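Colleague: give me a 3D structure for the following:
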Amino acid sequence: MRTTITLLAIILLSLTTLAQTKYEKGMRKAFDLWEANEAMEAANIFERIAQAETNNWLPPYYAAQVNVFASFSEKDEAKLIPQLKKAQDLVNDAKAISKDNAEILVLEAQLLTAWIVYDGQKYGMKYSGKISELYTKAAQVAPDNPRVVLGKAEWDMGAAKWFGKSTEPYCDDVKRAIELFATFTPEGEFHPKGGLDHAQEVLAENCNK
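Modeller: Next up is the predicted model:
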């Protein structure tokens, strides 16, 4: 009996290790493709992983993030609209797995910002308040997360520019984000950790004049 239980434990451990290895290989492959400017190919892999890893918020999060980031430079309305709607579905999937997650809240704020960038007249009034709420909530959940601090500062700067005001009041927040990136430790290999380069770009464009 003891031998049977031990054998079953070994089999279960082996299966778990195999699944983890397959997940890790898939995630690394997706990140490699993304880094090689094969973003949509990466998104497809993230989506396939999400279908297998139904309790893991990271694959749908990254699949959504690829689509959101690509939307900021997409000019073809026929591609942009379904791309953002797909991103929203993936964000919803991630939120269903991990509630009140600051990383997901920031991503959703960025998604809604992409709608405003696409058509400010149509979506500015509709989403501006929601975006502010998302950043405020993210800051409550994770006040020392550099992506939260940076995202909120960049949104505030954008609003200031829209109303013809100075972005200078938010420069300290960008500087704080840069400081936080230096000490931030992600929870695991695949957890979000990027943003330092973008923070430095935001600082150079808005605060060093």
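
Colleague: low-confidence ranges, this protein, go.
Modeller: Scanning the chain for pLDDT under 70 picks out 1-20, 209.

Colleague: show me where it has its strands.
Modeller: Applying DSSP state E to the chain gives no strands.

Colleague: please, where are all the helices along it?
Modeller: Taking DSSP state H, the helices of the chain run over residues 2-35, 39-52, 58-71, 77-97, 102-118, 120-141, 146-162, 171-183, 196-206.

Colleague: so which of those comes closest to residue 189?
Modeller: Relative to residue 189, the nearest member of the helices of the chain by CB to CB is helix 2-35, separated by 7.5 Å. For glycine as for every other residue, the C-beta is placed from the backbone atoms N, C-alpha and C.

Colleague: the residue nearest the centre of the chain: what's its closest spatial neighbour, skipping adjacent residues?
Modeller: Geometric centre of the chain, nearest residue: residue 107, 4.3 Å, by CA atoms, centre = their mean. Spatial nearest neighbour of residue 107, excluding adjacent residues (CB to CB, 6 or more residues apart in numbering): residue 65 at 5.8 Å.

Colleague: burial count for that neighbour?
Modeller: 27 (other CB atoms under 10 Å).

Colleague: domains of the protein?
Modeller: Domains of the chain are assigned by automatic domain parsing as 1-115, 143-209.

Colleague: looking at these, which is closest to residue 133?
Modeller: Proximity of the domains of the chain to residue 133 was assessed by CB to CB; the nearest stretch is domain 1-115, lying at 8.7 Å.

Colleague: thinking again about what came up before, of the helices of the chain, which stretch is the most buried?
Modeller: helix 58-71 (a mean of 25; mean count of other CB atoms under 10 Å).

Colleague: now what about that helix, what contacts it?
Modeller: 27, 30, 34, 39-40, 42-43, 46-47, 49-50, 53, 80, 83-84, 86-88, 90-91, 93-94, 97, 103-104, 107, 110-111, 114, 117-118, 190-192 (CB atoms under 8 Å, 6 or more residues apart in numbering).

Colleague: swap the cut-off to 6 Å and go again
Modeller: Outside helix 58-71, the residues within contact range by CB atoms under 6 Å, 6 or more residues apart in numbering are 39, 42-43, 46-47, 49-50, 53, 80, 83-84, 86-87, 90-91, 93-94, 107, 110-111, 114, 190.
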